[in-house]
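**Student:** Need a 3D model of the sequence below.
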Amino acid sequence: MFEKPLDFLAIGDITTDAFIRLKEAHVNCRIDNTACELCLKFADKVPFESVTVVKAVGNSPNAAVAAARLGLNSGLITDIGSDQNGTDCLANLKKEGVATNFVARHEGIETNYHYVLWYGAERTILVNHKEFPYLLPRISIAPKWIYLSSIGGGGQSEKYHEEIAAYLLAHPQIKLAFQPGTFQMKLGTDKLATIYKRTEVFICNVEEAERITGLSAGSDRKDIKKLFAAIHALGPKIVHITDGPKGAYCSDRTSGKALATSNGNGHVWFMPIYPDPKPPLERTGCGDAYASTFVSALILGKSVEEALIWAPINPMWVVQFVGAQEGLLTRAGLESWLSHAPLDYKPVKL
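**Tutor:** Alright, predicted model coming up:
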């Protein structure tokens, strides 16, 4: 039992990632650099350089760890098996200071284990989500924020989302951050209508925003505001659309004053990345680091503009390590990088 409410309660699947660093591969892309494919020799022995195993990761576990390192009272609702992998994931969460009271353990089911083909600074993940009997636990003290992200499909997943939606409706004081995973995007906006309407902060990348809305941002992102308008229409108040190494965009409609500005579009910003101290080693977890840092900054009392300045710093450091969590910063570490930021590192109003 908690003596005080959690600041940050993440909901989503957990896994172990085994990073296989490839030596001999190549990438084929279309002329416009879309639909790229990782290519290996077929029916041959393909050498690899190393394997690095990273426990207790996934969109929501990464976010929970990021929040804990930034000083928040953080917890996780997730499902694991009764195997050694599940034991190791649980131990890792506890080591990071993430509350594990809501971690459900299931006999006869293996904990998720994914293989990551790591080539250059990018990765291709081979996923195999186990079908867990998802069930929202009894939460005796409502958290301040819920952070909902990737949950596997099949079985009871759709009903599980209905349970989460019902809990949010019953507790209107809780703020929701939603970073949809693949299955949640496949479910569509109609089936998740209640969750979209309850969302305070929504985060996805450009390609995901295009998939969700059926619109295009354009190659030069000139139509990014159309994507914002379509997502806002679903309910979210603050919308982030990340664009990888190019930076990120944010639209804020949290107040009547904001709605009255920018021709009714609210405040819209472009936020550049924090300059890399050296070339990235591996990019897994950038989006999770960005999203969870932004939400954590809001919980810590920062304004939207201040949170925008915080958000890119954790991804900058995460890419200097293997996996999504080793590079996550403490608040002191993040503020140290911020104190050395270039003068042009600031949100630009669009």
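**Student:** remind me which residues of this structure are low pLDDT?
**Tutor:** Scanning the chain for pLDDT under 70 picks out the ranges 1-3, 33-34, 255-265.
**Student:** So what would you say the end-to-end distance of stretch 37-49 is?
**Tutor:** 20 Å (C-alpha to C-alpha, to the nearest Å).
**Student:** Contacts only, for N85.
**Tutor:** Neighbouring residues of N85 by C-beta atoms under 8 Å, 6 or more residues apart in numbering: 16, 55, 110-111, 113. Quick note: C-beta positions are derived from backbone N, CA and C, even for glycine.
**Student:** How about V98?
**Tutor:** With the criterion set at C-beta under 8 Å, 6+ apart, V98 makes contact with 61, 64-65, 68, 74-76.
**Student:** packing partners for the helix or strand harbouring A209?
**Tutor:** Assessed by DSSP states H and E, A209 sits inside helix 206-213. Other helices and strands packing on helix 206-213, by 3 or more C-beta pairs under 8 Å, 6 or more residues apart in numbering; DSSP states H and E, are helix 182-191, helix 224-232, strand 238-242.
**Student:** residues of it that come out buried?
**Tutor:** 206, 208-210, 212-213 (16 or more other C-beta atoms under 10 Å).
**Student:** Of these, which is the nearest to R105?
**Tutor:** E208 (31.3 Å; C-beta to C-beta).
**Student:** Test my guess that the closest one contacts P180.
**Tutor:** Yes - taking C-beta atoms under 8 Å as the definition, E208 is a contact partner of P180 at 7.1 Å.
**Student:** intersection of neighbour lists for these two?
**Tutor:** Counting by C-beta under 8 Å, 6+ apart, nothing touches both E208 and P180.
**Student:** got the residue ranges for the strands in the stretch 151-300 of the chain?
**Tutor:** Along the stretch 151-300 of the chain, counting by DSSP state E, counting those that start in this stretch, strands occupy 175-178, 199-205, 238-242, 248-252, 267-271.
**Student:** Direction included, what does the last one pair against?
**Tutor:** The strands that strand 267-271 pairs with in its sheet are strand 248-252 (antiparallel), strand 348-349 (antiparallel) (by DSSP bridges).
**Student:** now for those, which one comes closest to W317?
**Tutor:** By C-beta to C-beta (comparing all of these), the closest turns out to be strand 248-252, at 16.3 Å.
**Student:** who's in contact with the closest one?
**Tutor:** Outside strand 248-252, the residues that reach it (C-beta under 8 Å, 6+ apart) are 221, 224-225, 228, 232, 237-243, 258, 265-271, 273, 290, 304, 308, 311-312, 347, 350.
**Student:** what about K197, distance to T189?
**Tutor:** Distance of K197 to T189, computed by C-beta to C-beta, to the nearest Å: 10 Å.
**Student:** Around F19, how many other residues sit close by?
**Tutor:** 21 (other C-beta atoms under 10 Å).
**Student:** let's have the chain start at 43 instead
**Tutor:** Understood, numbering begins at 43; the last thing we discussed is F61.
**Student:** mind checking which helix or strand it is in?
**Tutor:** Here F61 is assigned to strand 57-64, by DSSP H and E.
**Student:** Relative to that strand, what are the paired strands and their orientations?
**Tutor:** strand 90-99 (antiparallel), strand 155-161 (parallel).
**Student:** what's next to the very next helix or strand once past it, contact-wise?
**Tutor:** Counting by DSSP H and E, the next helix or strand C-terminal to strand 57-64 is strand 68-70. Strand 68-70 is contacted from outside by 78-81, 161-162, using C-beta under 8 Å, 6+ apart.
**Student:** make it 7 Å
**Tutor:** Residues outside strand 68-70 that contact it (C-beta atoms under 7 Å, 6 or more residues apart in numbering): 78-81.
**Student:** between those, which has the most around it?
**Tutor:** That'd be L80 among those, by other C-beta under 10 Å, with 15 neighbours.
**Student:** Would you reformat the strands of the stretch 193-342 of the chain as TSV and include mean neighbour count?
**Tutor:** Converted to TSV, the strands of the stretch 193-342 of the chain look like this (neighbours: other C-beta atoms under 10 Å):
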stretch	mean neighbour count
strand 217-220	23
strand 241-247	24
strand 280-284	25
strand 290-294	26
strand 309-313	20
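**Student:** I'd like to know which of the ones you listed lies nearest to D130.
**Tutor:** Here strand 217-220 is closest among the strands of the stretch 193-342 of the chain (C-beta to C-beta), at 27.2 Å.
**Student:** got the CA positions of that closest one in CSV?
**Tutor:** Output of strand 217-220 as CSV, limited to C-alpha atoms (Å, rounded to 0.1, in the frame of the first residue of the first chain):
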residue,chain,number,x,y,z
LYS,A,217,-4.1,13.4,-16.0
LEU,A,218,-3.3,11.0,-18.8
ALA,A,219,-0.2,10.9,-21.1
PHE,A,220,-0.7,8.6,-24.1
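**Student:** strands paired with it, and their directions?
**Tutor:** Note on strand 217-220: by DSSP bridges, its sheet partners are strand 187-190 (parallel), strand 241-247 (parallel).
**Student:** May I see those arranged in TSV, with distance to L132 as well?
**Tutor:** As requested, the strands paired with strand 217-220 are exported to TSV (distance: least, C-beta to C-beta, whole Å):
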stretch	distance to L132
strand 187-190	19
strand 241-247	27
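**Student:** measure the spatially most central residue of the chain to V364 for me?
**Tutor:** Closest to where the C-alpha atoms of the chain average out (C-alpha atoms, centre = their mean) is D330, at 3.0 Å. For D330, the distance to V364 equals 15 Å [C-beta to C-beta].
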